[in-house]
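**Student:** quick one: sequence and predicted model below, then my questions.
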Amino acid sequence: MDLIKKTGFLAAALLLLLGVFACKDEEEETETSASMSGSVEYDIPYYVLKGETVTMSASGILYPKDVRYKWYISGVYADTLTARTVTVRFPDSLGVFTVSAFSYADGFYNSSTSQTVTTIDTTWNTSLTGLADSAERVTDVRDGRSYCYVTIGPLDWFSQNLAWQGKGVPFKASPAAAGLFGSFYTWEEAVTGDVCPEGWRVPTEQDWNSLAAAMNGGEPLDFYGNWPGLGSRASADAYVNGERLWPYSPDNVHENTFGWNAMPLGYSFANTSDFSGVNAFGCWWSATEKNADQAFYRYIHYDRPDFPASYTSKNDLRASVRCVRTHPQSL
């Protein structure tokens, strides 16, 4: 009986000792793992067309040199894809998908980066809903793109943001999104670059004043004023793939009385591809200068019913453009 007890004690001690060694091995292995230098980078648009095929290439890790990459795309592929460069076909459906790229190498901790990609359909009233439609359309002969417009007072106004990509950058730096949200331009690009189609122009102070008077029951408003209530009358309660663009506010109910279809797409800056103020502000250029370096724009904030003017550098801010022309019958 004593022999059995001694044998059991020795076996337990041996197992404990082996466990200690195993823990030490794991600790030593963990201690010898190093962090990679750099971070995983890859380019992919924030928006892509449904069914679109996109090629992505991972980079950004400076050390070690023999790093390898793998990818996981939620809702698209069940397994990981192992390669530095992969070609991915997104589903023929509307949705949001997460793209994750991982770098790995023996003796190093993994590094990873994830981005979301939204698939869209640029067919009218499909991905983008809640806008007022118009039977009046004009085609830009430069790229064949068609725009809706509405007649407000003596002027015809685009009821969509200009999307010509000969200048500026598309919304969220995603070419596919230009068809829904337009492109963004500095004042110099918009005004001196003749971005509007032939016969159309970036609205001047007089053009904006004409819009204000028409939206204000014929009563003129000062260009430099806040234009009380006109932000609500000009903005549309728009949705993208079922998600509301303007946050709820009891002070701006987005009446869209005249079909101007304002949306809160924010703004960008000339030295970056990042966008700010999305879902909070809509900003549109005026051709009117404040001085040699600055120019005016108008904006709508989600929590205010007004449509005020402000000014900024001609070359820094990128904002939306609504093209305008004198209605032919008013000539």
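**Tutor:** Yes, it's here. Remember, it's a predicted structure, so these values are computed and weren't measured experimentally.
**Student:** where does the stretch 1-150 of the chain dip in pLDDT?
**Tutor:** 1-31 (pLDDT under 70).
**Student:** what ranges do the helices span in it?
**Tutor:** Assigned by DSSP state H, counting those that start in this stretch, the helices in the stretch 1-150 of the chain fall at 2-32.
**Student:** where do the strands of it begin and end?
**Tutor:** 37-41, 47-49, 53-57, 59-63, 68-73, 81-82, 85-89, 95-104, 111-120, 128-129, 137-139, 146-152 (DSSP state E, counting those that start in this stretch).
**Student:** Tyr297 is nearest to which of these?
**Tutor:** strand 146-152 (18.8 Å; Cβ to Cβ). Bear in mind the C-beta positions are built from the backbone N, C-alpha and C, glycine included.
**Student:** what sits against the nearest residue to Asp121 once chain neighbours are set aside?
**Tutor:** Nearest residue to Asp121 in three dimensions, chain neighbours excluded: Ser127, at 4.7 Å (Cβ to Cβ, 6 or more residues apart in numbering). With Cβ atoms under 8 Å, 6 or more residues apart in numbering as the criterion, the residues that contact Ser127 are Leu94, Ile120, Asp121, Leu180, Val240, Asn241.
**Student:** winner for burial among the strands of the stretch 1-150 of the chain?
**Tutor:** strand 47-49 (a mean of 22; mean count of other Cβ atoms under 10 Å).
**Student:** which elements pack onto that strand?
**Tutor:** Strand 47-49 sits against strand 111-120, with contacts defined as 3 or more Cβ pairs under 8 Å, 6 or more residues apart in numbering; DSSP states H and E.
**Student:** what pairs with the strand it packs on, parallel or antiparallel?
**Tutor:** Strand 111-120 has its sheet partners listed here by DSSP bridges as strand 47-49 (parallel), strand 95-104 (antiparallel).
**Student:** so who does Ala34 touch?
**Tutor:** Listed by Cβ under 8 Å, 6+ apart, the contact set of Ala34 reads Gly107, Phe108, Tyr109.
**Student:** what number of residues lie near the second one?
**Tutor:** What that stands for is Phe108. By the criterion of other Cβ atoms under 10 Å, Phe108 has 19 neighbours.
**Student:** ok, it to Ala212 distance?
**Tutor:** 61 Å (Cβ to Cβ, to the nearest Å).
**Student:** what do you get for the first one?
**Tutor:** Computed as Cβ to Cβ, the Gly107 to Ala212 distance reads 67 Å.
**Student:** that older thread, now the contacts of Ala34 as JSON lines including distance to Ser310?
**Tutor:** Below are the contacts of Ala34 laid out as JSON lines (distance: Cβ to Cβ, whole Å):
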{"residue": "Gly107", "distance to Ser310": "55"}
{"residue": "Phe108", "distance to Ser310": "50"}
{"residue": "Tyr109", "distance to Ser310": "47"}
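**Student:** so who does Ala262 touch?
**Tutor:** Per Cβ under 8 Å, 6+ apart, neighbours of Ala262: Gly231, Ala234, Ser235, Ala236, Asn256, Gly282, Ile300.
**Student:** try it again with 7 Å
**Tutor:** Ala234, Ser235, Ala236, Gly282, Ile300 (Cβ atoms under 7 Å, 6 or more residues apart in numbering).
**Student:** find the nearest non-adjacent residue to Thr55, please.
**Tutor:** That would be Thr87: by Cβ to Cβ, 6+ apart, it lies 4.7 Å from Thr55.
**Student:** distance of that neighbour from Ile44?
**Tutor:** 12 Å.
**Student:** same check, this time on Ala238
**Tutor:** 25 Å.
**Student:** okay, these two: which has more neighbours?
**Tutor:** Just comparing Ala238 and Ile44: by other Cβ under 10 Å the higher neighbour count belongs to Ala238, 22 against 15.
**Student:** any idea how far Tyr302 is from the more buried one?
**Tutor:** Counting by Cβ to Cβ, the gap from Ala238 to Tyr302 is 12 Å.
**Student:** hang on, the earlier thing: got the strands of the stretch 1-150 of the chain as CSV, with distance to Ala309 columns?
**Tutor:** Converted to CSV, those look like this (distance: least, Cβ to Cβ, whole Å):
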stretch, distance to Ala309
strand 37-41, 39
strand 47-49, 30
strand 53-57, 40
strand 59-63, 42
strand 68-73, 44
strand 81-82, 50
strand 85-89, 44
strand 95-104, 36
strand 111-120, 32
strand 128-129, 27
strand 137-139, 27
strand 146-152, 18
